[in-house]
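> Take this sequence and fold it.
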Amino acid sequence: MARSISAHHGARSLRAGLTAGIAGAALLAGLGSAWAQASKPPNASNTPTPVGAAAAGSVTLDELSVEAQAPTFGTTGFVATRSTAGMKGNDSILETPATVSVITREELDVRGVQDLNTAVAYTPNVQAVDYPGGQGGPTFTLRGFNANNFDNVYEDGLRYGFNSFDQNVEPYGYERIDVIKGPISVLYGAGQPGGIVNLASKRPTFTPFNEVFLQGGNRNRIQAGFDLSGPVEGAPQFAYRITGLVRSADSQVKYTPDDRTFIAPAVTWRPDSDTSLTVLAKYAEYRGGGSEQSLPIVGSIIPSTRGFYQRDVFVGQPNFNTGLLENKEIGYILDHTFAPGWLFHSAFRAYETTSKYQAVGASPAATPASFLAVSVTPYLRDQSSQGLLADNHVEGQFDTLGVQHNVVFGVDFQNYYRRDARTYPNGYPLAVANRSIDLYDPTYNLAIAFPQRTNFSARATQQQTGAYFQDQMKWNGFILTGSVRNDWVDQRITSVFNFPNLPVATLNRTTVDQQSFSALSYRAALGYEFAYGIVPYASYSTSFNPQIAGQRADGTALSPREASQVEGGVKWQPPGSNALYTASYFEITQTNIPLADPLNPGFFIQTGEAVAKGFELEGKANLFEGFNLVFGFAHLDTKVTKNQSDPTLIGNRLANAPTNTVSLFADYAFPFASPLGGLRAGAGVRYVGARTDATNVDHIPGYALVDASVSYDLARLDPAWKGAVLSVNATNLFDQRYFTSGFYTGYVFEGFRRSVFGTLTYRW
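Alright, predicted model coming up:
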């Protein structure tokens, strides 16, 4: 990757006939969301297939109607054959030179998915950190590389967020989830090299589709929701969709709620067969606790002299801890075919978030060696953020000298602003050692007093503009893909430290960190399409990720992390089948990893390097009528290859990167006319091997979790109940205790416990 850097360090639709009665019925139904199994054939998607959509695998751009750009296109049951995320056009997954995994709406519903962590749980080499207290957004490890602060989460092709405390995800709002593995900066700009997770929003349908549901489960869970869509009466050019849910529930942690409200209205205007404009809006409110729930390994994985902690232990203050996250967003997606084979795509989103936490965090340095108690620090955290994101590109298809070209070129833009203010108790950090919780017999009698002034505040801005071009050329079965992109990035953070009770210079100062740089990314790939739907491929791709925190001893900003990947694999889509299988081998090298400067404490050098290489096998198939199968296997070898600061760390594994993972989920819907007609049942197992932390001091054992689902179409009992389905879902059915790597050495997070819920859904 070539790059030039100039761094500066300074002093751094709604339906017209939707009557009030219908709206009231929807509200009484709960304004909520459900993961119930639909009353539909086993291979049908929840959302009707777009009108005029051609058969998957036989589509060229000049054959596409604008509605074929909808996220459901190329999806049947559990299997997707096309993706807009892997190439930024509506392309065949078979011909995309990267590993692409898709979790369809039907799979999400059958498995009863309630969070993004569980959504990707059957996807090889994607590991999520479980936060049982519901703290902030999801954090993933993809192909061994950690991706936090939504580095790798996108919504409709635009980055979803920039900070874990500023954003969260409600899966009911999405039609499908695409996971693209490996470095993808060439299409999306800055990001970690393991890949991206793209959330495809539910969009209006011109075929009526409606559902409401009511759900209840363990931990006092009550949830209700609706998803209503169809053409606007009297205005056939318009379609609407409105999706919503409300939930009241406890979590697996004492004194910690898991409540939320979500609503997402959308309107599509289709004046002709060549143009589609969809406006999407969303409001979400997440209410949880304010404890990070960091637990020492001793007492969690290893018993202390008093055994193991209770599984619902609360590391916080019941009358103090609160967490509130509010998110608002609005945007549009425009597709216009302006000539045969040529399409203009424009997407835009503006969002605003606010979050308030009265939180408690662990203080590892002051925790007693016995681990019978944990030292903690209460604090107040008040944040807000705003973002503007846009992507405009042209897709085209043409032939030259017998070579078919499929091109995409465009410009995207991100502008992000964030404010963060934190206040600590009087006496921090000197009084930290006196604030502890006995995890075996917690009394929660912390005396908390806060100063009038904020102790730490920060203002951060980031702008990124990228220009990209891609050409996929096909000739006599050969598929050659070339992509190139350049980004221009500007970042600035102003931090104010104000601890007047401490005469420490570093805790009473103002700093400004800023940098400006450009980065070139590229991808080259070659594949060949054999008969019988077999496509082997090889690719080389690069990525970059900015680093504004920290600086070198000479005052210059840190260069972006850089990564490159070599990947080879084969994809197979047996003709006449509804199945897709992928096998791939990859090797990713990341450089410019910042390390502590051994000669200048508090500063950094950039000589760190890490390598992740491995093998993945994944399949999704409808093997015969009513039977769906999902399986995955991944072998991953990660290693620190350079570390000038501490050579003893060379050879260490990367954190939360298991060597082996295996997953299998099977689902069968009995023929409706059979004795068991109306019954649908599924079960799955997920095995995750042993992991470690960044120091390789902590060793976290592997685990296997079992999930199950069962549903019954009530029309089998009485035709008058057509459209009503009763379902029961369970995740971690046997309540297996497991852990993921925590924030600190010697600490872990407990994984998600057993969750069981029943759902009554009505669709019409």
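
> Now do the spatially closest residue to residue 87 that is not a sequence neighbour against residue 76, distance only.
Distances taken as C-beta to C-beta, 6 or more residues apart in numbering place residue 96 nearest to residue 87, at 5.5 Å, with adjacent residues excluded. For the C-beta atoms, the positions are set from N, CA and C on the backbone; glycine is no exception. Per C-beta to C-beta, to the nearest Å, residue 96 is found 18 Å from residue 76.

> for the stretch 601-750 of the chain, which spans come out with low pLDDT?
Scanning the stretch 601-750 of the chain for pLDDT under 70 picks out nothing.

> what about the helices in it?
Using DSSP state H, counting those that start in this stretch, no helices are assigned anywhere in the stretch 601-750 of the chain.

> Kindly list the longest strand within the chain.
Across the chain, the longest stretch assigned as strand under DSSP state E is strand 373-400.

> and the helix or strand following it, average pLDDT?
The helix or strand immediately downstream of strand 373-400 is strand 403-423, counting by DSSP states H and E. For strand 403-423, mean pLDDT rounds to 96.

> Describe which strands the helix or strand just after strand 403-423 pairs with in its sheet and in which direction.
Next in sequence after strand 403-423, counting helices and strands by DSSP H and E, comes strand 436-438. Using DSSP bridges, the strands paired with strand 436-438 in its sheet are strand 373-400 (antiparallel).

> chain center to the partner strand, what's the gap?
11 Å (C-alpha atoms, centre = their mean, to the nearest Å).

> got the buried residues for it?
373-385, 387-391, 393, 395-397 (16 or more other C-beta atoms under 10 Å).

> repeat for stretch 234-241
Result for stretch 234-241 [16+ other C-beta under 10 Å]: buried residues 238-241.

> the bottom helix or strand of the chain by mean pLDDT?
helix 20-28 (a mean of 28; mean pLDDT, DSSP states H and E).

> chain center to the helix or strand that it is followed by: distance?
For helix 20-28, the following helix or strand on the C-terminal side (DSSP H and E) is strand 75-76. Relative to the mean C-alpha coordinate of its chain, strand 75-76 is positioned 21 Å out (C-alpha atoms, centre = their mean).

> and if you look at stretch 328-346?
Distance of stretch 328-346 from its chain centroid, counting by C-alpha atoms, centre = their mean, is 24 Å.

> just the strands in the stretch 551-700 of the chain please.
For the stretch 551-700 of the chain, strands defined by DSSP state E, counting those that start in this stretch occupy the ranges 561-572, 578-596, 604-624, 627-642, 660-669, 679-688, 691-692, 699-700.

> actually the stretch 251-400 of the chain, sorry about that
Going by DSSP E, counting those that start in this stretch, the stretch 251-400 of the chain shows strands at 259-272, 275-288, 295-296, 322-339, 342-362, 373-400.

> can I get the CA coordinates of the first one in CSV?
As requested, the backbone C-alpha atoms of strand 259-272 are provided in CSV (Å, rounded to 0.1, in the frame of the first residue of the first chain):
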residue,chain,number,x,y,z
ASP,A,259,-35.3,-2.7,27.7
ARG,A,260,-35.6,-1.1,24.3
THR,A,261,-37.9,0.8,21.9
PHE,A,262,-37.3,0.7,18.2
ILE,A,263,-39.3,2.1,15.2
ALA,A,264,-38.2,2.4,11.6
PRO,A,265,-40.6,3.9,9.0
ALA,A,266,-39.7,3.9,5.3
VAL,A,267,-41.2,5.1,2.0
THR,A,268,-40.3,4.1,-1.5
TRP,A,269,-41.2,6.2,-4.6
ARG,A,270,-41.0,4.4,-7.9
PRO,A,271,-42.1,6.7,-10.7
ASP,A,272,-41.0,4.3,-13.4
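
> Now do that strand, average pLDDT.
97.

> shift numbering so it begins at 660
Yes, from this point I'll number from 660; that puts the last item at strand 918-931.

> could you say what helices and strands that strand packs with?
strand 894-907, strand 934-947 (3 or more C-beta pairs under 8 Å, 6 or more residues apart in numbering; DSSP states H and E).

> Save those strands as TSV, and put in mean pLDDT and distance to residue 953 too.
Output for the helices and strands packed on strand 918-931, formatted as TSV (pLDDT from 0 to 100; distance: least, C-beta to C-beta, whole Å):
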stretch	mean pLDDT	distance to residue 953
strand 894-907	97	26
strand 934-947	96	16
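
> need those strands in CSV with distance to residue 1264, can you?
Output for the helices and strands packed on strand 918-931, formatted as CSV (distance: least, C-beta to C-beta, whole Å):
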stretch, distance to residue 1264
strand 894-907, 48
strand 934-947, 39
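
> so where's the stretch 1060-1209 of the chain shaky on pLDDT?
1086-1093, 1105, 1208.

> Pull out the buried residues from stretch 738-758.
So for stretch 738-758, counting by 16+ other C-beta under 10 Å, buried means 738-758.

> Also stretch 1284-1293?
1285, 1287-1293.

> And the strands in the stretch 710-859 of the chain?
Using DSSP E, counting those that start in this stretch, strands in the stretch 710-859 of the chain cover 734-735, 738-739, 741-742, 750-751, 759-763, 785-788, 798-801, 804-806, 812-814, 817-818, 833-840, 854-860.

> Skip the chain neighbours and tell me the closest residue to residue 1003.
Excluding its sequence neighbours, the residue lying closest to residue 1003 (C-beta to C-beta, 6+ apart) is residue 995, at 4.8 Å.

> residue contacts, the one you found?
Residues near residue 995 by C-beta atoms under 8 Å, 6 or more residues apart in numbering: 725, 933-935, 1002-1003.

> Go ahead and confirm residue 1263 touches residue 1209.
Yes - the criterion here is C-beta atoms under 8 Å, and residue 1263 meets it with residue 1209 at 4.7 Å.

> More neighbours: which of these two?
Taking other C-beta atoms under 10 Å, residue 1263 and residue 1209 do not tie; residue 1263 has more neighbours (20 against 15).

> which residues are contacting stretch 1078-1085?
1036-1044, 1090, 1094, 1107-1110, 1112-1119, 1158, 1160.

> can you do 6 Å?
Residues from elsewhere that reach stretch 1078-1085 (C-beta atoms under 6 Å, 6 or more residues apart in numbering): 1037-1043, 1107-1110, 1113-1118.
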